[in-house]
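**Student:** After the sequence you'll find the predicted model.
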Number of protein chains: 2
Amino acid sequence: MSKAATKKAPKTNNKVDIVSNGTMNGASKREVPPTVTLRNKPGRMVYYFGKTQVEGDATMKSVLGGKGANLADMTSIGLPVPPGFTITTETCAAYYKAGMRLPHGLMNEVHKNVAILEKETGKKFGDPANPLLVSVRSGAAVSMPGMMDTILNLGLNDIAADGMASITKNPRFAYDAYRRLINMFGDVVRGVDHHHFEDVFNRIKAKYKATIDTDVPAEGMKELCDEYKKVYKKYTSEEFPQNPFKQLELAIEAVFKSWNSQRAIDYRRLQSIQGLTGTAVNIQTMVYGNTGEESGTGVAFTRNPATGENDFYGEFLVNAQGEDVVAGIRTPQPVAMMGQWNKSAHQQLLKIRGILEKHYKDMQDIEFTVERGTLYMLQTRTGKRTGPAAVRIACDMVKEKLIDEKQALLRIPAADLRQLMLPSFDPVKKKLAEVVARGLPASFGAAVGTPVFTAEEAVDRARKGDSVILVREFTSPEDVAGMHSAAGILTSTGGTTSHAAVVALGWGKCCVVGASALTIDAKAGTIKIGKLTIGRKDVISIDGGTGEVMMGSVPTTEPKLSGDFSQVMKWSDKYRKIGIRTNADTPNDAQRARDFGAEGIGLCRTEHMFFEGDRIKPMRQMILAETREDREKALKKLLPFQRDDFIGIFKAMKGLPVTIRLIDPPLHEFLPHDDKGQKEMAQLLNVSVDKVKQRVNQLHEGNPMLGHRGCRLCVTYPEILEMQVRAIVEAAIDCLRSNIKCFPEIMIPLIGFKKELEFLRAQVEATIAKVKEEEDYKPKLDIKIGTMIEVPRAAVTADEIAQHADFFSFGTNDLTQMTFGYSRDDVGGFLPDYIGKELLAVDPFQSLDTGGVGQLVQMGITKGRQTKGDLKIGICGEHGGDPKSVYFCHNVGMDYVSCSPFRVPIARLSAAQAAILAEKK
Amino acid sequence: MSKAATKKAPKTNNKVDIVSNGTMNGASKREVPPTVTLRNKPGRMVYYFGKTQVEGDATMKSVLGGKGANLADMTSIGLPVPPGFTITTETCAAYYKAGMRLPHGLMNEVHKNVAILEKETGKKFGDPANPLLVSVRSGAAVSMPGMMDTILNLGLNDIAADGMASITKNPRFAYDAYRRLINMFGDVVRGVDHHHFEDVFNRIKAKYKATIDTDVPAEGMKELCDEYKKVYKKYTSEEFPQNPFKQLELAIEAVFKSWNSQRAIDYRRLQSIQGLTGTAVNIQTMVYGNTGEESGTGVAFTRNPATGENDFYGEFLVNAQGEDVVAGIRTPQPVAMMGQWNKSAHQQLLKIRGILEKHYKDMQDIEFTVERGTLYMLQTRTGKRTGPAAVRIACDMVKEKLIDEKQALLRIPAADLRQLMLPSFDPVKKKLAEVVARGLPASFGAAVGTPVFTAEEAVDRARKGDSVILVREFTSPEDVAGMHSAAGILTSTGGTTSHAAVVALGWGKCCVVGASALTIDAKAGTIKIGKLTIGRKDVISIDGGTGEVMMGSVPTTEPKLSGDFSQVMKWSDKYRKIGIRTNADTPNDAQRARDFGAEGIGLCRTEHMFFEGDRIKPMRQMILAETREDREKALKKLLPFQRDDFIGIFKAMKGLPVTIRLIDPPLHEFLPHDDKGQKEMAQLLNVSVDKVKQRVNQLHEGNPMLGHRGCRLCVTYPEILEMQVRAIVEAAIDCLRSNIKCFPEIMIPLIGFKKELEFLRAQVEATIAKVKEEEDYKPKLDIKIGTMIEVPRAAVTADEIAQHADFFSFGTNDLTQMTFGYSRDDVGGFLPDYIGKELLAVDPFQSLDTGGVGQLVQMGITKGRQTKGDLKIGICGEHGGDPKSVYFCHNVGMDYVSCSPFRVPIARLSAAQAAILAEKK
């Protein structure tokens, strides 16, 4: 705690040991929340930074906010930072705790620090001869850009403005600063609508025949200040405060208040930012980039944040304030051109770029200002970057010996690897798009097309060469062909593990789900969003990485895999300790997953195979059959299809293990639920429509997720199990006879207790033996038989179940559903409220709930291995491709994780990160 | 193990210490499976019983079967038992293990034991001068009456029959015995259809002009033997075996085979008999009750099994074999008349009755035969009895000092107490009824009436005075009024915790669910069962205790509560250690439960209150509302109803605690799902039908059980919680101000994690404080706030959740659903297969799954009390009224169980039994 004690500054030694960096800060915050060591003195409310003393450092982000901690840090290492002080985030918390009153003693501390600041700068608050002006800015521990309030030029009043006008001999500048303060203060502190000021400004501009702000002369600006004060008075019923300390007090309180503004709350919710205490407030001496042609301001990244190239990348604007750069009214120049304007400042900035990268050992995002030729640093923080940039920067920095391989791996947010594999929207052009709705980002990618409303329509239109977006309330296995044909999938209901999401993720197809603002009328062929109606001819764009639905065609960029990507994968494989498999149901998927580095198939769902082409017909015959004999007849027709599928997959996997799950979904999912489909089915199968309807009704369930599915089907209809096992064994023998190695693993889903597995295992074994005999195959067949652990009862009794299992695979989708009592298709009704009210940190279907579901997983592993020490254990829920969940799987001792092909690289990197992080402990 | 060593017999001392009796055998097997101590010598296959030696005893039921063990036991205590020997159940298991071959060495043992038998009886197998004849009977550890095979008169062949004819000077008797052997042997051993023999017999009867069997003279009987042998040869292609040992070997094998006959398997399934190894085979010297007018046979209970009266109760038949009594061809005489026929045999029998009751300390079911004046005992076993009889016998035996209070309590199958409280069908008259379908016995009772198909129809017809049975595919909360009006409820789907079942059980209303053979056409007003059609005017009877659906009006008997019942309840309260509460939603139910001895309400469901009368209107307004303000307006209208309900319940419970659960079901359950209902609702609420339809669609969920319900509703709509809490607090203050004590406990359902409860508890507390302030009520209000533990995640994280809970109540219905992944409304599709294939022993919704769900309950208790040592814990799923589950609740340390009013006495008795059984350990 005492490390925060006052240090003399500036230090000449740049090699300060940075505790909070060098791991996964900033860029990778989605993976590991920044762990910031609390070093502050309890109860201390204000920390000074300046030439006379620096009281904070870079490790104190949770107390000083990111901006405050880094300002202190930059001051420490001798960079030119305008001096100031920071009020802690804890003070903000105290403000709320006290019923929104500034804590006792705070303003005393502020007075003391202003006095130090006055001494250091030689200026004085409210002094017309040499007024001290400050900025008041928010700054939380995690960056929330633009979400909270800022006030500039604070300290100006009528006399200080006049004084400043005469000292600087630039009255226009002085009054411009003053009018900006009145405007901001009125807006931020007192809630005066900005357009009231705007209206007045327009009148003045008209009066002076000015087209842009800078055309207004000094006298106009002065007049504007008076007018602004009138506006202020009109809407607040009080005079604009002339006492700078009064201004400061009100501004501090306004920043505190902005912490809980609706937009700030929404932002934290959308970004899953939880657990922060409040915002810090940074009060810093103003420097001006708008005092004339010798001044300027800029923002830059120490490397290119889009590509990762080692280029100083940024922009500056002469005679401007920071907000002018962001506002985009004037076109800034590339920072490379700065030397032509002010060579020494440019040289200094390039040097600082180097110092910062060496100091922070990471790419930085900086803000600077040149005031009358003198360079000032206003901000530095770890720069956000795209996935490709993260990969390149990590690799380059290893080459530059700034970081080592492990650090490089920890630097890359594993989930961002998706961006290297799939198309994405051009980030610049996307800014101009009209976002009309937001859903859940279910499967990364960018899709542009016109809406279609049924699977058939999707197939037809795609065949004609149209790029289409399949828009549905939800999808079901019947829709699979249409989903495959579409460029993207958009649903109005469902969560990130709903049918649409899981299937799309498997294919790497862009998908947005649960866009609840959409009212879809498939008959009319329209989507309604409020008053907007989108028809079959309207082009829309959907972003599977953000969940945005946009009007029109937003340009996309195609991905390319770099050598750096291979490097990162190589390093990942070097450090990771657990295996990576994939969830794949077809030879194509299997091949793609192998290309991405999968070491086997962890989940091959067999039911998707029943939908393709002509297969659905015998499947439906089987379901309609009334006797075992008739069912067996129908199943016999399915057998060759399944066998060929397995042969294809075994061939693609070339001797890697393939875990095949027996049929899982309830039978009604294979039947059509609409009149038309039922009529067609009746005709095709030559039965009455009534019979079809009757069977559909019979199979209807109130809660199909908890119904007749999984291994329960094989208990009732052993002939289904027999056909599937036969197909697997025949395929295996066929491959082995052609000298293709294969290791099928038969996985029985939804097991709840020992006897159930014992009973079904016996049937599987009997079928294997029977087929071997029929095929006259003598060598030993290496076919493992195991189970999914996805029902809570299975986890709790895993010691018993393990007696009959060669392996366990945790089906964490279902396990999460049953452990929480959440239907993944229905969580849309309440999960947003839970996340909004911070009751849940994340959607437990996206990232494994380690505290609850994780306990059952842990219990299942411990108990299972009590019975069989070498029990092979993996995970095949979609959590297997979620970085945090992969960390968990590593930590609880799983042998492998399995995820959809496109997430295999993510899982490889995550597994390596998990191993490296575990080493550190 | 050595206790089974050979003992000298007969003993004169009747006071043998019986290990396996005196607890809960036989009569109470539904509660506690008989625990039979294994004392046999490993590998020993045959046990002898007779005057020379007795090798078994009453404790060896699992090895010798019930019959064999008791024959040995009766021999031991000096009763006149024809000597014989028993082949063990393990030998049967070995037979199956060896691929249905008699184990090596068995026939050697049989030869040895036959030799002892010949020595003891002085007769010889196949000896024409004095042939030894034996019966060969099955006998498992648990009685399976009539399910397995029996062969009598074994040892007869052509020469032995002739010899017997001349020794007994009764050729008719000898040849009658022989023809019976050929018939039985042919039927049982060789599968010759009985009617082939029947046909021949009819021919002979015609020839001798005989109308009944006994009219056929000796020569006809002899002729019949020859004819039977021909039939035997015709259908088996072999001669009837003349070697008695060959006969015996084949008969033993036939009995072993009958263990796995379809009807035996079905019987075990239906009776939930699992875990037995096989059947024993009893080979016993034949005695004959049909040698003339000095002989006879009978069956009797030592007390009246229907009423429990201390009356020797039974029947006997002169000149007859046991099967004649059972067959009912001739009318037997009451056993009380026996003295007039043979005074000494009658006296002896009465004496034996006393010896048996003293020996077994329980009512016995016996079989005896008088052969030429000499009495023989053929069987004794604990007698089955009705619920009222069990209560009376237990009380009487305490008075008679045969047993003590604790033993008496253990004697009564707790579930049978239902028979004392509810009407039941006259058991004799029910035998004549035509059973047309079978469902699951959901709620005990007998109901007779004509079918109605909608709730409205039920209300209308009942108002007109008709007794109606509400017949539905399933019921939902909308149907409650109709369910209440009906005499009984019958559904074609659902399990024993489906809506229909739970509601009916709560009311003590007869209910059969899941009668899947029924095809219900509500429009047409018909029920189809196969080819049978039942219409609105056909009377049906349903038995809620067995699940039977019968045509016509079956007479019922009304219950009456005896003084003995009160005595049993008093003893129960004396010994039980845990509290008994009830699940009650109305003042009436609350009052009834108090009358039955409930010590509080453990579950008061508040949502039923929203359906009654005019209340549904504001409820639906609330659901349709689009803003919080509009919802609050509608809720305001519901407030006075809820408040009055609570006042009524508090008054009825007179200071006992009342646990009130906040709203639980998903909102769509309150909306009509049919066009007509939606139209009516739209008119009533003055909105468009489209709006109603749209809201119904919006609220539709794929798996409502895992959807937006329980506390999730209060997270989304805090105003619902506020209204409900307000109603509770206002009601409490109202009562307290009228000097009526009340202890409301607010229970929040479906909690999954700590933050959720913390958040909602804060709202409950805030509302309590607000109402107190508004009401200006100063004294402390004692309102506990707790949660249900019904989501697996809650059990796993109970240590965290307990931080914010004053009490836990395990909702084991939902906990079972989610732990198994079984929807209680959909288990009908597969649970019968699971029970049929012995994968599950019982429906886990009926009796708590202690191995799986129980582990989570145990975990929840342990973790909860880790955090709060004195956390009050109960159960409020329907398991709270199931005896075995109550044992579990006692054993894991719950404070109370809660169940529907009619099950309160069952729970009281079960709790006492649990305490007594725990003491014994």
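**Tutor:** Done, it's in. All figures in this text were calculated on a predicted structure; none of them were measured in a lab.

**Student:** Show me which residues of stretch A:43-58 are buried.
**Tutor:** A:M45, A:V46, A:Y47, A:Y48, A:F49, A:G50, A:Q53, A:V54, A:E55, A:G56, A:D57, A:A58 (16 or more other Cβ atoms under 10 Å in any protein chain shown). In short, each C-beta sits where N, CA and C put it, glycine included.

**Student:** Dump these into a markdown table; add pLDDT, distance to chain B and secondary structure as well.
**Tutor:** Listed next are the buried residues of stretch A:43-58 as a markdown table, based on pLDDT from 0 to 100; distance: Cβ to the nearest Cβ, whole Å; DSSP: H, G, I helix; E, B strand; the rest coil:
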| residue | pLDDT | distance to chain B | secondary structure |
| --- | --- | --- | --- |
| A:M45 | 95 | 28 | coil |
| A:V46 | 96 | 33 | strand |
| A:Y47 | 96 | 32 | strand |
| A:Y48 | 96 | 38 | strand |
| A:F49 | 96 | 37 | strand |
| A:G50 | 95 | 42 | coil |
| A:Q53 | 91 | 42 | coil |
| A:V54 | 93 | 39 | strand |
| A:E55 | 91 | 35 | coil |
| A:G56 | 89 | 32 | coil |
| A:D57 | 89 | 33 | coil |
| A:A58 | 86 | 32 | helix |
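
**Student:** between these, which is closest to A:T867?
**Tutor:** Distance to A:T867 across these (Cβ to Cβ) is lowest for A:A58, with 50.1 Å.

**Student:** top helix in chain A by residue count?
**Tutor:** For chain A, the helix with the greatest residue count under DSSP state H is helix A:628-653.

**Student:** so what secondary structure elements neighbour it?
**Tutor:** When contacts are defined as 3 or more Cβ pairs under 8 Å, 6 or more residues apart in numbering or on different chains; DSSP states H and E, helix A:628-653 packs onto helix A:587-595, strand A:601-605, helix A:616-624, strand A:657-661, helix A:718-737.

**Student:** Tell me which of these is the most buried.
**Tutor:** Greatest average neighbour count among these goes to strand A:601-605 (a mean of 26), per mean count of other Cβ atoms under 10 Å in any protein chain shown.

**Student:** just checking, A:A598 touches A:R581?
**Tutor:** Yes. At 5.7 Å, A:A598 and A:R581 qualify as touching, with contact defined as Cβ atoms under 8 Å.

**Student:** which residue of chain A sits farthest from its center?
**Tutor:** Going by Cα atoms, centre = their mean, the residue of chain A most distant from its centre is A:D776, 54.2 Å out.

**Student:** Quickly note the distance from it to chain B.
**Tutor:** Distance of A:D776 to chain B, computed by Cβ to the nearest Cβ, to the nearest Å: 25 Å.

**Student:** Give me the local confidence score for that residue.
**Tutor:** A:D776 carries a pLDDT value of 96.

**Student:** Output the host helix or strand of A:T380 as CSV, nothing but the C-alphas.
**Tutor:** Using DSSP states H and E, A:T380 sits in strand A:374-382. C-alpha atoms of strand A:374-382 as CSV (Å, rounded to 0.1, in the frame of the first residue of the first chain):
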residue,chain,number,x,y,z
THR,A,374,5.6,22.9,-27.4
LEU,A,375,4.5,19.3,-27.4
TYR,A,376,2.3,18.0,-24.6
MET,A,377,1.1,14.4,-24.1
LEU,A,378,-2.5,14.2,-23.0
GLN,A,379,-3.2,10.5,-23.0
THR,A,380,-1.7,7.1,-23.6
ARG,A,381,-3.4,3.8,-23.4
THR,A,382,-3.1,0.3,-24.8
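
**Student:** what are the ranges of the strands in the stretch 751-900 of chain A?
**Tutor:** With strands called from DSSP state E, counting those that start in this stretch, the stretch 751-900 of chain A shows them at A:784-789, A:807-810, A:872-875, A:896-899.

**Student:** ah, wrong one, I meant the stretch 451-600 of chain A
**Tutor:** Under the criterion DSSP E, counting those that start in this stretch, the stretch 451-600 of chain A contains strands at A:468-472, A:488-491, A:510-513, A:518-521, A:526-529, A:532-534, A:540-543, A:548-551, A:556-557, A:579-583.

**Student:** now for the shortest one, which elements pack on it?
**Tutor:** Packing contacts for strand A:556-557, counted by 3+ Cβ pairs under 8 Å, 6+ apart, involve strand A:424-425.

**Student:** Kindly reformat the strands of the stretch 451-600 of chain A as CSV containing distance to A:G648 and mean pLDDT.
**Tutor:** Below are the strands of the stretch 451-600 of chain A laid out as CSV (distance: least, Cβ to Cβ, whole Å; pLDDT from 0 to 100):
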stretch, distance to A:G648, mean pLDDT
strand A:468-472, 26, 96
strand A:488-491, 25, 95
strand A:510-513, 26, 92
strand A:518-521, 36, 90
strand A:526-529, 38, 92
strand A:532-534, 40, 93
strand A:540-543, 32, 95
strand A:548-551, 37, 94
strand A:556-557, 32, 85
strand A:579-583, 15, 97
